Every structure is written in structure tokens, then in C-alpha cells.
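>>> Any chance you could fold what I've pasted below:
(one chain, ligands or ions: 1)
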Amino acid sequence: MAEYNRVSECVGLITLRNPPVNALSAAVRQGIVDTVERALSDPNVKSVVICGQNGIFCGGADIKEFGSKMTGPPLIPMIHAIESANKPVVAAIEGSALGGGLELALGCHYRIAHSKARLGLPEVSLGLLPAAGGSQRLPRLIGVPAALNLITTGRHVTAAEALQLGIVDQVTDHNTVDAAVKFALSVAGRSLDPRRISTHPCPQQPDLDALFEEVMQKVRQSARGAIAPIACVQAVRAAATLPYAQGMERERELMATLFTSGQARALQYCFFAERAVGRWRMPSGARWDTSKPRPVHKAAVIGLGTMGRGITVALAQTGLSVIAVETQEKQLMEAKQAISGMLERGAKRRGVAPALDRVIYSQNIQAVADVDLVIEAVFEDIALKTKVFQQLSAVCKPGTLLCTNTSALDVDQLASETPNPELVVGMHFFAPAHVMKLLEVVYGPRSSPQAVATAMQLGKKMGKASVAVGNCRGFVGNRMLKPYIEEAFFLLEEGATPELVDQALEEFGFSMGVFRMSDLSGLDVGWRVRKGDGLVEPGTASGRSARIRQGRRYSPLGDLLCEEGRFGQKTGRGWYQYDKPGSRVARSDPWLHSFLGAYRAQHGLVARRIDHQEVLERCLYALINEGFHILDDGIAAGPEDIDVIYVSGYGWPRHRGGPMFYANMVGLAKVLERLEHYQQLHPEVPHLQPSSLLRRLVASGSPPIHKWGEVIKKLHSQL
Ligand SMILES: CCCCCCCCCCCCC[C@H](O)CC(=O)SCCNC(=O)CCNC(=O)[C@H](O)C(C)(C)COP(=O)(O)OP(=O)(O)OC[C@H]1O[C@@H](n2cnc3c(N)ncnc32)[C@H](O)[C@@H]1OP(=O)(O)O
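Numbers count the residues shown, from 1 in each chain. Modelled structure (predicted):
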């Protein structure tokens, strides 16, 4: 797991070997301990180089080991042994040096990086802190402000930035190991004292207290309840104020708290879940590893409203040629200006040239004749989309993949309107499409595995968390959102306010509560859908019967607000009030409170006190229950798919792992018991009726989340 060679006669070369990222597993740590000892005891060796095989230095501690009893030599003494060595040790950094990998490099006396390497301490995103001395060495090396920034955000820096910050000593465009060996030869015999980072104090920093106070305040605000960023600040503070040994003790104490926390488990689960969703599978048995994607060089976007513009930008930024089609001349001109602006701003942020010439604009759908893939993003109307799909089928070259960006319509129905339904999939982007991480790739019963593979690969190239899901009303994300929003409406009827509901959800960690989110996305969106479903009636009827529609409890509150022209931020009024249309700062609205009072009186509802716990249980357990239905129906292949969708697209706090992971943490029996409790109180609400999968899981002893698949599989094989 660590190979030893002597090169250039007197350099001991240690190569970490643990594909794919040379993580510091027990065997690798043992290998390092053994090979370092060997190099230091060999009188012919004057200096040592540590590198990683296959172009990557080291991806850090082996995260998979965190879930089990740790064995093998611990990291901290291993790194100390390197730092205290009496021969210079040089880290040759190619690819990545992350987490424990960078901590290992910081224990070396010198660091040489390839120009394409990335370095960082991303432990915070796993709910941890750099606990192999990283929180103590990095501030000593680059100063407190820069170290705080890197450690609390977990961001990766380029080799160039690492050089500028002083993390590395040299950057090379050539063979990194050769450069490191040459460097190691040149420094052999030099005094190593100045190179032992742990022996230095942190560089002087004026107003240390004020700096930490300011950073702590910022971190608390953005952490949304996550504890690791706060522990990271505390650890760096220890580096700045305590001698090294005491700082290390503080680092250990803080790590011990984080290491066993539910948040660390949730964040590490998210890390693996994000990778697991790439290994998609369809109920037909088609899978990621047996389905070959088609190459996509040229794409087209039809319809340049908000979504179409964002999708065009996302595609162009990925390096594709894009034909952007909009039939209305005025809208085409406006879109061109908007897209160019977005591309220019994006390029400026990333320090690259804007991809303006990758986009060709046209009013004519014939222009897409030779593209490999089309994404339709016209208005959400089945007749219009059907017409577009029929035109595309006639115009496009054989084999072109036809994708719809619908968020609600039936992908299979659209597919059936084309001669090649196997080429049709949904690509459900989230607004703004060039920013939001999530992409639902929706397959119908006739979508070919190749079409799914192509859309998934394109999503990955665009940097999206791409999740393959089956075709149903609302797909996964919006289908689960429906009961969540309905429960929030019911809570208002029963006595809650939008402020109370939002506060409970935001304290839980959501970036926005349900009502602030509804104001942002527009109340008219749901109104249009409910109208289409025949649920909206004139708002004069009163009493309980007026609130039972299509045989189930219904709250017309959202419809009534829309009838008042209160569509949310865009009209300056919604569940909250805003200074002016388009303004973003939500303020409590006395009108809304008296409206709710009058509504309750009209319907004979008596307001009662509702606490945060009830808000969370009713909204979240209703959403989670729908997640179980989705698993049961085979719309999502596993709980990871649902969790990645919610964390990347719906503001679910990452440190709570996603709704299904959260249910697992709370305890499935508890979720079932609370759903049964609320169902008894509200028998006219079907979404509170516990799903049969949840019941089966509880009956099977509530297996851990990675074993749910066995219960689901058993259920499906019995059907
Ligand atoms: C009782 C109380 C006790 C308390 C005290 C306990 C003390 C414990 C002492 C610990 C000391 C702490 C040490 C250190 O500070 C902690 C860490 O180092 S945590 C790890 C930090 N590193 C990272 O976060 C990097 C994670 N990886 C990545 O970002 C990327 O993988 C990459 C390296 C940039 C490569 O990216 P890609 O090329 O895109 O490849 P993938 O991401 O798809 O990954 C490929 C494959 O590798 C798996 N993998 C990646 N990194 C790790 C890892 N560090 N450990 C294990 N496995 C890893 C990844 O899952 C993929 O596999 P797949 O999931 O697809 O099978």
C-alpha cells in the first residue's frame, strides 16, 4: 500500500498505492510508517520524496473507515515522525492533496505541486475538522485569516493559489516526481528546523479577537445549524492562541465531538450518496455500467424563457455548441442579450473567456436539424409541447435525443407523440438552470437505456447532481413537495402563521421556509396546477364541506391569495409583504394575519397554539411518507436518489442528510407512530396514511438505510 524505491542513488521514493484516490487506509498508514522508517535508517538515503500513484497524491483519510473500528497506525504520530525526520522529506503533489492528504504534505518539509493540482482541507463538508494537525499547521504556515477561509469553507485551491498563499514551495508543469526528486537532492543536508511547521508560532495578526468574532458570526449565519464550521473556527483559534501541543489537544477534543455526531454521519452519507446516484438502474434492469451514452457535441434548446436561457448557458459553459431557438423575434432578442450577459458574468467569475460564439440563435426550428440532443423548454402546456415534439421528430437527424424540461407533464405521453419514443427522456432542470445543482433525468417505460445514459452523462458534464427517476406526477422532488406544502396550508388554517411555520423549518436548517419559498417561486405556479386539476372553486363557500374537494381535505388559502393578485415577490405581496414588486426582503403582513382570522371565522375553525415540533412533524413526515411511496412504486431506485434530490435542489439541510436519511436517524418506528397519530386526528388527509413500505420496514426491525433495498426488493419480487 506504500511502495519504496531508491532513486537517483540517494533519494528514498515512497509511493502511496490505494486506488482510486490513495486514501489513507490502515494499510496505507502502515505502509508509510514502514517505508519512512526504512528510508531514515538507510545511510545511503539523503532525502525522501512522498508521492501517490496514478497522478493523485492523496484524497485524505479513508472515509469508509470512519463507520467502523479504526485499526492500524494513527495519522498524527505518523505525520509527526515525518516532520521530525533528520532527512528532508518532500511531498510531490499531483492531482489532489485533500484533507489528511494535505495534512501529510504539511508534515513534510517541502511541497512541490503540479500546476494542475488541487489542494484543500474539505473535512468541514464531511462534518469534521482537519484533525491530523491540519487545523494547527495551516494557520502557522499561511496565517490565521487565510487558514480560516480554507478550513471553514473546505474549498479546494489551485496550485497557483497554493503557491501564492505559501502552502507549496514550487509549482511545475513537468513531471512532479522528477521535480521533487531534483528538489530533494538540492536540499539534502540543509537545516530542517525552519521547515518544521509545528515548531513555529502563527504569523502575527492584529486584532485577533475582533477577527475571530467576525468570522464566528459569519460562520454561524451561513452554517444553518451545522456544527463543524464552528468547531473549525474554534480549532484555528487554538492554533492562534495556544502552544502547538495544547492546540493539538483542543483539535482532538473538538474532533471527538464531531466524529460521533449525527451531522458527520449525515454529511458522509451525502458524500457517498452523491456518487451512488451515478450508478443508476432502471426497473427494466438497464444500468449505468451496461448502457453506453451517445456522444453529444451539439445541442439545441427550444424556447428561451427563464429556463431555456439558463439551460443554454449551462450547455455553452460545458463546451457544447448550442442552437438556441425562439420563434418570437422580440423574445429572441431579449434572450440573446440575457444569455450573453449570463455567459459574460460567469466567465468573469471563473476567469475564462466567455463562450459567446458557442451559441447560435435562430427563430426557425429547422436550424436544429443536425444536433445530437434537443432540450425543449417551451411553456408548460401539453398541447404546445406535443406540437414541438412532432416538429422535432420531423426535423432532427435520426437518433437525435429529444428531452423535455417539463416539471409536471407526462414524459411518456410526449414520447408517444413521436415515432421514436425510445429517444425521449425528461431533463428536469431547476431555476436558475445554470446555477442550480440538481437535474432529474426522467425515463418513461419506453425510454432507451442509451437515452438515459446520454442525459445522465451530459448532466454530469454540466456539473449537475444528476438523478435518474421514473415518470410520475411531479417526478420525485415535486411529488414529495405536494404533501409538505399542503400540511403547511392546513397548519395555517388551524392557527399557525407563515412566520411560525417558516421559522420552524429554517431553524431545522432549510435555506427558506415553505412560505418564503412559495413567495419566491410565485403562488400562481401552484394555482395554475390546481386549476388544471379541477380543484379551484370560487372562494365564497364556507364550512368544512367547502374544504373537502375530490374526497379529501383541501385548503383554498393559496387560491384565495392569488385571487387577490398576491403572487409573491413579483407582485410585492404574497404570504409576506415586500417593499416593492421584485424586492426580496420579506416582512410580516398584518393584512395576511387578519385575512387568516377572517378565513378561520368563515369556516368555523378555532385557532389553536401550534409549536415548532408539530410543524416539523407534520410537514416533514408527510414529505418523507411520500418518499416511501416513491420507493415502493420504484420511481426512485433507492433512498440515496431521493436524498440527493432534496439536498441539491430543495434546500434540505445537508447536515441532516436528506429526508430519508433523516427518517432513519429519527427512527422509522417513531416516524410511523407520529404519522399514525396525525392520521387519526386528520382522517381526511390521505398523505398522512403511513406507506406500506414504511410499515414493512418497521415490521422488519427498522434496518439501517443501506439495507432498505432488501425489503423493497422482497416487496417487488412478491408483486
Ligand atoms: C470516539 C472518538 C474518536 C474521535 C477521534 C477520531 C480520530 C480519527 C482520526 C482522523 C484524523 C483526521 C484526518 C483528516 O483530517 C480527515 C480526512 O482526511 S477526511 C477526508 C478528506 N478528504 C476529502 O474530503 C476528499 C474526498 N474526495 C474527493 O473530494 C474526491 O473523491 C477527489 C479526491 C477530488 C477525486 O474526485 P473524482 O476523481 O471525481 O472521484 P470521485 O469523487 O468519484 O471518487 C472516486 C472514488 O473514490 C472514493 N473516495 C474518494 N475520496 C475518498 C476518501 N477520502 N475515502 C474513501 N473513499 C474515497 C469515492 O467514494 C469514489 O468511490 P465510489 O463511491 O464511486 O465507490
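>>> Tell me who's in contact with Glu326.
Gly303, Leu304, Gly308, Leu332, Ala335, Tyr361, Gln363 (Cβ atoms under 8 Å, 6 or more residues apart in numbering). Backbone N, C-alpha and C define where each C-beta goes, glycine included.
>>> Among the residues you listed, pick out the one closest to Val476, please.
Sorting the contacts of Glu326 by distance to Val476 puts Gly308 at the head of the list, at 22.9 Å, by Cβ to Cβ.
>>> thinking again about what came up before, show me the contacts of Glu326 that map onto strands.
Residues of these located in strands (DSSP state E): Tyr361.
>>> check whether stretch 692-706 contacts the ligand.
No: Stretch 692-706 lies out of reach of the ligand by Cβ under 6 Å from any ligand atom, never closer than 12.7 Å.
>>> Contacts for that stretch, please.
Contact with stretch 692-706 is made by 269, 625, 628-629, 631-632, 639, 660-661, 664, 667-669, 671-672, 675, 708, 710-712, 715, as judged by Cβ under 8 Å, 6+ apart.
>>> Could you give the number of residues near the closest residue to the ligand within the chain?
Proximity of the chain to the ligand (Cβ to the nearest ligand atom) peaks at Gly99, 2.4 Å away. Here the count is done by other Cβ atoms under 10 Å, and Gly99 has 27 residues near it.
>>> Wait, it touches Pro122, no?
Yes: using Cβ atoms under 8 Å, Gly99 is in contact with Pro122, at 5.9 Å.
>>> Now the common contact residues for these two.
Residues touching both Gly99 and Pro122 (Cβ under 8 Å, 6+ apart) are Gly60.
>>> Give the buried residues for the helix or strand harbouring Leu697.
Element membership of Leu697, judged by DSSP states H and E, is helix 692-699. Burial within helix 692-699, assessed by neighbour count using 16 or more other Cβ atoms under 10 Å, is assigned to Leu693, Leu694, Arg696, Leu697, Val698.
>>> Stretch 108-125 now?
108-114, 117-125.
>>> ok, now stretch 214-224?
Buried, per 16+ other Cβ under 10 Å, within stretch 214-224: Val215, Met216, Val219, Ala223, Arg224.
>>> okay, Thr540: pLDDT?
Predicted confidence (pLDDT) for Thr540: 69.
>>> who touches the spatially most central residue of the chain in this structure?
The centroid of the chain falls nearest to Ser648 when counting by Cα atoms, centre = their mean (3.9 Å). With contact taken as Cβ under 8 Å, 6+ apart, Ser648 is in contact with Glu274, Met436, Lys437, Leu438, Ala465.
>>> Does the helix or strand hosting it reach the ligand?
Here Ser648 sits within helix 639-649, counting by DSSP H and E. No: shown here: helix 639-649 not in contact with the ligand (Cβ under 6 Å from any ligand atom), separated by at least 10.8 Å.
>>> how about that helix: buried residues?
For helix 639-649, by 16+ other Cβ under 10 Å, it's Pro639, Glu640, Asp641, Ile642, Asp643, Val644, Ile645, Tyr646, Val647, Ser648, Gly649.
>>> Skipping adjacent residues, who's closest to the last one in space?
Nearest residue to Gly649, sequence neighbours excluded (Cβ to Cβ, 6 or more residues apart in numbering): Leu438, at 3.1 Å.
>>> what's the pLDDT at the one you found?
For Leu438, the model assigns a pLDDT of 98.
>>> doesn't Val36 make contact with Ala81?
Yes: Ala81 lies in contact with Val36 (Cβ under 8 Å); the separation is 6.2 Å.
>>> my guess is Ile610 meets Thr497, correct?
No: counting by Cβ under 8 Å, Ile610 stays clear of Thr497, with 9.1 Å between them.
>>> Any idea how many residues pack against Ser511?
Counted by other Cβ under 10 Å, the residues lying close to Ser511 total 13.
>>> so who does it touch?
Arg224, Gly651.
>>> go on, the one 10 residues further on?
Contacts of Ser521 were listed using Cβ under 8 Å, 6+ apart, and they are Ala431, Gly568.
>>> thinking again about what came up before, so which of the buried residues of stretch 214-224 sit within helices?
Applying DSSP state H to the buried residues of stretch 214-224, the entries found in helices are Val215, Met216, Val219, Ala223.
>>> circling back: need the contacts of Glu326 in TSV with distance to the ligand, pLDDT and neighbour count, can you?
Formatted as TSV, the contacts of Glu326 follow (distance: Cβ to the nearest ligand atom, whole Å; pLDDT from 0 to 100; neighbours: other Cβ atoms under 10 Å):
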residue	distance to the ligand	pLDDT	neighbour count
Gly303	33	97	24
Leu304	32	96	26
Gly308	29	97	25
Leu332	38	97	17
Ala335	33	97	24
Tyr361	34	97	18
Gln363	40	97	13
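>>> In ChimeraX, how would I select the buried members of the contacts of Ser648?
The following ChimeraX line selects those of these that are buried, judged by 16+ other Cβ under 10 Å:
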select :274,436,438,465
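>>> farthest-separated two in the contacts of Ser648?
Those two in these that are separated most widely, counting by Cβ to Cβ, are Glu274 and Met436, at 15.0 Å.
>>> near the ligand, which residues of the protein show up?
20-21, 23, 59-64, 75, 96, 98-100, 103, 122-123, 126, 128, 130-132, 134, 255-256, 259-260, 272, 275.
>>> What about those residues, which are in strands?
Using DSSP E, Ser96, Leu98 are the members of these that sit in strands.
>>> In helices, which of the residues of the chain next to the ligand appear?
Counting by DSSP H, the residues of the chain next to the ligand place Leu75, Gly100, Glu103, Gly134, Met255, Ala256, Phe259, Phe272, Arg275 in helices.
>>> for stretch 244-260, which positions count as buried?
Neighbour counts over stretch 244-260 (16+ other Cβ under 10 Å) mark Tyr244, Gly247, Met248, Arg250, Glu251, Leu254, Met255, Leu258, Phe259 as buried.
>>> quick one: contacts for the residue nearest to Gly649?
Contacts for Leu438 (Cβ under 8 Å, 6+ apart) come out as Phe429, Phe430, Lys464, Ala465, Val467, Gly477, Val644, Ile645, Ser648, Gly649, Tyr650.
>>> swap the cut-off to 7 Å and go again
Phe430, Lys464, Ala465, Ile645, Ser648, Gly649 (Cβ atoms under 7 Å, 6 or more residues apart in numbering).
>>> bridging residues for it?
Taking DSSP bridges as the rule, Leu438 bridges to Ala465.
>>> so how far is Gly133 from it?
37 Å (Cβ to Cβ, to the nearest Å).
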